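Enquirer: Based on what follows, work out the 3D shape:
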Amino acid sequence: MGRFFRTFVLMMIGFGVILFISACTGDEEEGNQESSGEEADQVLNLIRKSQIPSMDSSLATDEISFQFLGATMEGLYRLDENAKPIEAIATDHEVSDDGMQWTFDLREDAEWSNGDPVTAEDFVYAWQRAIDPATGSEYGPYMMEGVIKNAEAISNGEKDVEELGITAKDDHTLIVELAKPVPYFESLMTFGTFLPLNKEFVEEQGDDYARSSDNLLYNGPFVLENWESTSDSWNLAKNDSYWDAGEVELDKLTYRVVKDTQTAVDLYESGKVDRAELTSDLVDQYSTHEDYSTRSKPVLYYLKMNQTRNEALANKNIRAAISRAFDKDALANEILNDGSIAANALVPQDFAPLPEGMDVEGEEFRDVNGDLVKYDVEKAQEYWEKGLEELGKDSIELEFLGGDTETSKIMQEFLVNQLESNLDGLDLTLKQVPGEQKLELDANMDYDITLSGWGPDYLDPYSFLGLFETGGAYNKMGYSNEKYDELLAEAQNELATPGKEAERYRNFIKAEKILFEDAAIAPVYQEYVSLLVSEKVQGVIANPIGPTYEYKWAEVAE
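Expert: Purely as a prediction, here's the structure:
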């Protein structure tokens, strides 16, 4: 949320069946918060499903790592409760008329946890380190190539890291030069890859940097305690040297790894945990509980239909039939049963608010385009008959590539049954393989139909629509539409300059419609999370990008 988390990292999440690209997604048990019984002391006891893979902002690629980097570190901006970037180390910025240069004013009262001031040079060093091929960062190239001036050439070894488009004019003025205008650049500045680093400290630690809480410096709301790379428990403590420490109510957050959901729920029921996520088998039991709630995630799952391996899927009517021939409400409500909802388009709900000047009803992208493809057996069969006639066939054999976990098998078997039952003459072979093999087959386009998912790294429709440009790294299904490409190219270039936001979004609206006129993909569901949340836990923000949860403004209510 790109090559990795859309900017893009391939991750197997959810059911182990899905190709999910997103740094900020993965295990979600992070918010499970336990009331310690010391309400006045502002302590939350939380659980995670796994350990922290990395606390090195240049090397982190997963949701868990970015969660704790976000809690202990601070970049130019943070996201507020409305997913809007607000001041952090940057107090203000100016953008050149052509959108190519951003000048950030940095606060003078920001400190590292060792007392050093946070300066513009800390950002220069961190960004150069992330793009330096010697570092081996995945997200550095992914987030910076095509965004920061010279990033791609540096990543390819064609230029020195000192030529990256970032300069410290003085200690508190940072100048960033872009490769092209990037309308969502301010949103990118909340992402973990762009956090600052204290050069002297990092180089002093050498290979030991970020391997334990003793080998880290912090400039965010909290500091990490009692952590090593293999730890199953650790703490966050309030950072008294944080410039905005007066806004931080929590004194401590303790964490331990609890992999089993039932165990997490038992901890909640016993009053030791203030929030526990629920799997589908527990939702019915707790859906009437007074503490039950759900929250949306901007993560969209869809069927990819490979137009290159089987001639049937090169036929638009066949794809249109498949797109309408399965009951996604039943899948969401009965199979998933976790609050997830049927998806009838690509760009998710509760994502991408509309810019000013759109002259349309609604506040977000989904309000404008609405539902573009819904479950409709009658229409599906009409398209199916047209497609069969065009192909000169009365039956079609296809392979459905899926994962091999228990829940994924149930979901895939449901989809196969629905498609075969509603489309006479369709014969689907279900091929279920381990996650790594599924990723490899998908990457090599060695499949007919497969279930994939995508989550964003920045708040912009292009994070989803860019997936299906001709030859795109994650297209991997042979889809190509010249008009679609033109609309997106225009949106990312001439319409990316300041003042053209509304025109740019109109291109996105047209492009999404084209995608479904072509029946390129078959949307299945948007992910939601079901939770038990104590009323004691207040002020926790669930972010659509970056750290899953924001605790800067959280507190334990009395």
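
Enquirer: Are we agreed that residue 412 is in a strand?
Expert: No - going by DSSP: H, G, I helix; E, B strand; the rest coil, the assignment for residue 412 is helix, not a strand.

Enquirer: Contact partners for the nearest residue to it once chain neighbours are set aside?
Expert: Once flanking residues are discounted, residue 412 sits nearest to residue 402: 3.9 Å by CB to CB, 6 or more residues apart in numbering. Just so you know, the C-beta spots here come from the backbone N, C-alpha and C atoms, and that holds for glycine as well. The contact partners of residue 402, taken as CB atoms under 8 Å, 6 or more residues apart in numbering, are 17, 408, 409, 412, 430, 431, 432, 433, 438, 450, 451.

Enquirer: who does residue 402 bridge with?
Expert: Bridge pairing for residue 402 (DSSP bridges) gives the partners residue 432.

Enquirer: Model confidence for it, exactly?
Expert: You'll see residue 402 listed with a pLDDT of 94.

Enquirer: swap in residue 258?
Expert: 86.

Enquirer: now swap in residue 409 and tell me
Expert: For residue 409, the pLDDT comes out at 89.

Enquirer: Surely it is in a strand?
Expert: No - going by three-state DSSP, the assignment for residue 409 is helix, not a strand.

Enquirer: got a list of what it touches?
Expert: Here residue 409 is in contact with 402, 403, 432 (criterion: CB under 8 Å, 6+ apart).

Enquirer: Just the closest of those to residue 305, please.
Expert: Set against residue 305, the nearest of those by CB to CB is residue 402 (14.3 Å).

Enquirer: what about this structure, any weak spots by pLDDT?
Expert: Along the chain, segments meeting pLDDT under 70 span 1-40.

Enquirer: how many neighbours does the residue lying closest to residue 160 once chain neighbours are set aside have?
Expert: Leaving aside its sequence neighbours, residue 160 sits nearest to residue 154 (CB to CB, 6+ apart; 7.1 Å). Residue 154 has 25 neighbours, counted by other CB atoms under 10 Å.

Enquirer: three-state assignment of residue 154?
Expert: Per three-state DSSP, the local secondary structure of residue 154 is helix.

Enquirer: thinking again about what came up before, separate out the buried members of the contacts of residue 402.
Expert: Buried members of the contacts of residue 402, scored by 16 or more other CB atoms under 10 Å, are 17, 408, 409, 412, 431, 432, 438, 450, 451.

Enquirer: what bridges to the last one?
Expert: For residue 451, the beta-bridge assignment (DSSP bridges) gives partners residue 303.

Enquirer: My guess is it contacts residue 412. True?
Expert: Yes - between residue 451 and residue 412 there is a contact under CB atoms under 8 Å: 7.1 Å.

Enquirer: Take the contacts of residue 409 and write them to TSV, including distance to residue 490.
Expert: Rendered in TSV, the data for those read as follows (distance: CB to CB, whole Å):
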residue	distance to residue 490
402	37
403	37
432	41
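
Enquirer: now the strands for the stretch 351-500 of the chain?
Expert: 396-402, 426-432, 449-454 (DSSP state E, counting those that start in this stretch).

Enquirer: farthest-separated two in the contacts of residue 402?
Expert: Largest pairwise distance in the contacts of residue 402, by CB to CB, is 14.1 Å, between 409 and 450.

Enquirer: Which residues does residue 542 form beta bridges with?
Expert: Beta bridges link residue 542 to residue 549, judged by DSSP bridges.

Enquirer: Tell me, how many residues neighbour it?
Expert: 17.

Enquirer: Contacts only, for it.
Expert: With CB under 8 Å, 6+ apart, residue 542 has these contacts: 31, 295, 548, 549, 550.

Enquirer: ditto for residue 367
Expert: Residues near residue 367 by CB under 8 Å, 6+ apart: 354, 360, 361.

Enquirer: Any chance of the backbone angles for the last one?
Expert: Yep, that's residue 361 we're talking about. Main-chain torsions, residue 361, degrees, to the nearest 10: phi -80, psi 150.

Enquirer: hmm, back to that, which two from the contacts of residue 542 end up farthest apart in space?
Expert: 295 and 550 (13.2 Å).
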